[in-house]
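Participant: Coordinates for the following, if possible.
(one chain, ligands or ions: 1)
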Amino acid sequence: MVRGSELLLRDLDLPTGSLPDGLKGDAAIYIGRWQGQPCRLLPVSRKHPVPAGLTTESLQSAEPCLSLELLSLGALGAQILHWENNSRCCSRCGGQMARIPGESGKKCGNCSALHFPHIHPCVIVLVRRGEEVLLVRKAEWADGRYGLVAGFLDQGECLEEAVTRELLEETGIRVQNIRYVGSQSWPFPSQLMAGFVADYAGGEIVVEEKELEDARWFAVTDLPTLPPKRSIARYLIDTFAVAM
Ligand SMILES: [Zn+2]
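Facilitator: This next block holds a predicted model:
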């Protein structure tokens with residue numbers, strides 16, 4: 001049961017058996033098997049009170065109480081619901097869409113167009129300059145927390161071009177030796193993060209104030225509060241900053 005960005009739990013695990021009083025199962029979606037049991041995803045309105053006997057866990061908590069497996073399953077549920085809510089009508093003709101059996105895609109009942117979940121590619125990059133790394137912060141992040149430059153891929157770009165453009169736009173910094181490291185599904189609401197590391201090539205920091213509150217070089221021996229361990233941002237920092 002997913003309620004906004006929260007997972008509903010019983011004893012820190014998925015509820016099993018019949019639904020709690022007051023909840024209807026009409027909107028439940030079968031999403032596969034979990035620990036050998038059939039697993040259904042049920043959206044619960046944010047306005048609906050938490051049913052008796054259940055607790056909530058934020059899927060974006062910095063210090064989650066759940067295993068990464070359960071947290072990932074909950075986040076996948078939220079991503080599936082995001083697609084459900086954004087794929088009711090065909091974007092070509094406005095017709096009603098119906099699920100394609102056994103797939104995550106949908107087909108328009110009017111013009112027969114096929115639609116599949118929209119997953120938005122983003123780049124995220126750690127820039128190194130000697131014994132320093134470039135970190136940035138957004139105003140809405142927790143006090144004192146810094147992370148990495150990131151942004152959406154634009155039309156016509158390869159991922160490396162997006163890295164170069166985002167860094168220039170947001171910080172005024174130019175880079176070289178851009179290397180792909182790995183990727184991570186980021187279901188808030190539906191991104192794929194492609195992680196890179198790059199070396200400083202020139203420029204002075206000019207903060208793009210529409211996007212960022214701050215950008216600065218940090219010594220790798222004196223880093224601020226960082227993103228949660230499960231994020232690719234933190235993986236890039238832990239792997240390529242601390243190990244320098
Ligand atoms: Zn259509």
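
Participant: if I pick the residue nearest the centre of the chain, what's in contact with it?
Facilitator: Nearest to the geometric centre of the chain sits Trp186, at 2.3 Å (Cα atoms, centre = their mean). Taking Cβ atoms under 8 Å, 6 or more residues apart in numbering, we find Trp186 in contact with Cys122, Leu192, Met193, Ser231, Ile232. C-beta coordinates here come from the backbone N, C-alpha and C atoms, glycine included.

Participant: got the residues you listed as a markdown table, with secondary structure and neighbour count columns?
Facilitator: Converted to a markdown table, these look like this (DSSP: H, G, I helix; E, B strand; the rest coil; neighbours: other Cβ atoms under 10 Å):
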| residue | secondary structure | neighbour count |
| --- | --- | --- |
| Cys122 | strand | 20 |
| Leu192 | strand | 14 |
| Met193 | strand | 20 |
| Ser231 | coil | 19 |
| Ile232 | helix | 22 |
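
Participant: which of the residues you listed sit farthest apart?
Facilitator: Using Cβ to Cβ, the pair of the contacts of Trp186 lying farthest apart is Leu192 and Ser231, separated by 13.5 Å.

Participant: Distance from stretch 147-164 to the middle of the chain?
Facilitator: From the chain centre to the centre of stretch 147-164 is a distance of 16 Å (Cα atoms, centre = their mean, to the nearest Å).

Participant: for it, how far is the first residue from the last?
Facilitator: End-to-end distance for stretch 147-164: 17 Å, by Cα to Cα, to the nearest Å.

Participant: returning to what we had before: list the residues that contact both of Leu192 and Ser231?
Facilitator: Applying Cβ under 8 Å, 6+ apart, one finds that Leu192 and Ser231 are jointly contacted by Gln184, Trp186.

Participant: about what we covered before: could you dump the contacts of Trp186 to a markdown table with distance to the ion?
Facilitator: Below are the contacts of Trp186 laid out as a markdown table (distance: Cβ to the ion, whole Å):
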| residue | distance to the ion |
| --- | --- |
| Cys122 | 28 |
| Leu192 | 26 |
| Met193 | 31 |
| Ser231 | 37 |
| Ile232 | 36 |
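
Participant: How many residues are close by Ala219?
Facilitator: Neighbourhood size, Ala219 [other Cβ atoms under 10 Å]: 11.

Participant: Enumerate every residue touching it.
Facilitator: Glu131, Glu132.

Participant: in the sheet, who's paired with it?
Facilitator: Beta-bridge pairing for Ala219 (DSSP bridges): Glu132.

Participant: buried stuff in the longest helix seen in the chain?
Facilitator: The residue-count maximum for a helix in the chain (DSSP state H) belongs to helix 68-85. If you call a residue buried by 16 or more other Cβ atoms under 10 Å, then helix 68-85 has these buried ones: 70-71, 73-84.

Participant: Repeat that for stretch 126-134.
Facilitator: Going by neighbour count (16+ other Cβ under 10 Å), the buried part of stretch 126-134 is Leu126, Val127, Arg128, Glu132, Val133, Leu134.

Participant: measure it end to end?
Facilitator: 7 Å.

Participant: hmm, who's touching it?
Facilitator: Contact with stretch 126-134 is made by 148-149, 167, 171, 173, 175, 195-200, 205, 215-221, 223, 236-237, 240-241, 244, as judged by Cβ under 8 Å, 6+ apart.

Participant: Any of the residues you listed buried? List them.
Facilitator: Buried among those by 16+ other Cβ under 10 Å: 148-149, 167, 171, 173, 175, 195-198, 200, 215, 217-218, 220, 236-237, 240-241.

Participant: In contact with the residue of the chain positioned farthest from its centre, which residues?
Facilitator: Residue farthest from the centre of the chain, counting by Cα atoms, centre = their mean, is Asn110 at 32.7 Å. By Cβ under 8 Å, 6+ apart, Asn110 lies in contact with Cys90, Cys93, Gly94, Gly95, Gln96.
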